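Q: can't give you the sequence, but here's the structure:
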C-alpha cells in the first residue's frame, strides 16, 4: 500500500481534509470516531493488500475540516458525506465507519443507499445512551487545552503502555503553535455537542432499514458496543453479517488493524463477487 496523500475538497460547510491511498477497483470511504481524524485509518489502510483505493475524511469539527458554531446533528454529517461522494466522483463506494463514524455510516447507508455499495459498522450501536454521553463530555472537559510535547506524551500514555508507532497516531491529533505548545486539531466544543446530539436519540429505525450488504464488527472486549446491544442489532436486522474480535477493545482500527483489514477485504470481495 503506497503512502497516503493529503488533500482537501470544497463542500458546503467549507474545505474538508482527506487522506488518499491510491489503488484500483471499487473505492472505499472511511470515517473516524469522536475526537479522531483521518490518520486513525492508517494502520488498517497499510494492512489492506491489493492496492485498493481508500479515502479517509476528517469529519466536521475534527482534524483540519470545518468546525462551524453549530450543525452537529447526524443529518449534517450525512450531508457532508453525500457531498463528498459527489465531489470525489465516486460511483457507489464501500463505506466504513468506526464509533461515531460508524453511526454516521449506518444512517447514511439507510437513508442514502443509492450512494453506496456496502457499509461496515465498526463497534457502535444505534441506541440512545445518556450515561455514555455524560461520561464522554466529562472526559473531554478534563482534557488539557494545550500541552508541551512531554505533557502530551504523558497524557496519551497515562492509562496504558503505548508502542511508538501507535503513539505517533495519537500525537498527530495535535498541532504545534508558534509558542511551541500543542493544541487539539479539531474543536472539543464541537465534540461535546456532537456526542450529546447523537447519543440523545436512537437510530434503531435506520438500523432496521439497512438493505445494502452490511457488516457489523464488534471488539469482543468493547465497552461501547455492549454485548446485549449487539445481540439486539442482530435480531432486529438479521441480514447484516456479524464478526466479533475476541479480546479487542473499542478502538478497533488502532488495536487490531490487521484483523480489521482482513475482515473488510473478505467482506468487500463477497459483495463484489457474490456467490463466488
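A: Yep, that arrived. Just so it is clear, the model here is predicted, and its values are computed rather than measured.

Q: any idea how far stretch 243-260 is from the chain center?
A: What separates the centre of stretch 243-260 from the centre of its chain is 13 Å, taken as Cα atoms, centre = their mean, to the nearest Å.

Q: which residues sit against it?
A: 32-33, 40-41, 43-44, 46-47, 98-99, 122-123, 166, 169, 215-225, 230, 263 (Cβ atoms under 8 Å, 6 or more residues apart in numbering). Yep, even glycine has a C-beta here, placed from its N, CA and C like the rest.

Q: How about stretch 89-99?
A: 26-34, 36, 40, 55, 81, 85, 103-106, 108-109, 114-124, 224, 250-253, 264, 268, 271.

Q: Repeat the analysis, applying 7 Å as the threshold.
A: 26-34, 85, 104-105, 108-109, 115-124, 224, 250, 252-253, 264, 268 (Cβ atoms under 7 Å, 6 or more residues apart in numbering).

Q: Got phi/psi on residue 44?
A: Main-chain torsions, residue 44, degrees, to the nearest 10: phi -70, psi -40.

Q: where does the closest residue to it other than its chain neighbours land on pLDDT?
A: Leaving out its chain neighbours, the residue that sits closest to residue 44 by Cβ to Cβ, 6 or more residues apart in numbering is residue 257, at 4.2 Å. The score at residue 257 is 96. That number is its pLDDT.

Q: quick one on the thing from earlier: in helices, which of the contacts of stretch 89-99 fall?
A: 85, 104-105, 108-109, 252-253, 264, 268 (DSSP state H).

Q: Which members of those residues are the farthest-apart pair?
A: 85 and 252 (23.6 Å; Cβ to Cβ).

Q: More neighbours: the two, which one.
A: Of the pair residue 85 and residue 252, residue 252 is the one with more neighbours under other Cβ atoms under 10 Å, namely 26 against 21.

Q: does residue 158 count as helix, strand or coil?
A: coil (DSSP: H, G, I helix; E, B strand; the rest coil).

Q: Give me the residue ranges of the stretch 101-250 of the chain where confidence is low.
A: 160-161 (pLDDT under 70).

Q: at 80 what do you get?
A: Along the stretch 101-250 of the chain, the parts satisfying pLDDT under 80 run over 159-166.

Q: Please, where are all the helices along it?
A: 130-142, 149-156, 164-171, 188-199, 204-209, 227-236 (DSSP state H, counting those that start in this stretch).

Q: could you dump those helices to JSON lines with mean neighbour count and distance to residue 76?
A: Formatted as JSON lines, those follow (neighbours: other Cβ atoms under 10 Å; distance: least, Cβ to Cβ, whole Å):
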{"stretch": "helix 130-142", "mean neighbour count": "13", "distance to residue 76": "17"}
{"stretch": "helix 149-156", "mean neighbour count": "14", "distance to residue 76": "29"}
{"stretch": "helix 164-171", "mean neighbour count": "14", "distance to residue 76": "26"}
{"stretch": "helix 188-199", "mean neighbour count": "20", "distance to residue 76": "9"}
{"stretch": "helix 204-209", "mean neighbour count": "16", "distance to residue 76": "15"}
{"stretch": "helix 227-236", "mean neighbour count": "14", "distance to residue 76": "24"}
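
Q: now for these, which one comes closest to residue 63?
A: Judging the helices of the stretch 101-250 of the chain by Cβ to Cβ, what sits closest to residue 63 is helix 188-199, at 11.0 Å.

Q: how about the helices of the stretch 101-250 of the chain in TSV, adding distance to residue 17?
A: TSV is the format used below for the helices of the stretch 101-250 of the chain (distance: least, Cβ to Cβ, whole Å):
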stretch	distance to residue 17
helix 130-142	21
helix 149-156	21
helix 164-171	16
helix 188-199	15
helix 204-209	27
helix 227-236	31
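
Q: hmm, back to that, mind checking which of the contacts of stretch 89-99 land in strands?
A: Among the contacts of stretch 89-99, the ones falling in strands (DSSP state E) are 26-31, 118-122.

Q: which of these lies closest to residue 207?
A: Nearest member of these to residue 207, counting by Cβ to Cβ, is residue 121, at 8.6 Å.

Q: Identify the residue spatially nearest to that closest one, adjacent ones excluded.
A: Using Cβ to Cβ, 6+ apart, the nearest residue to residue 121 is residue 102, at 4.5 Å.

Q: Thank you kindly, that will do.
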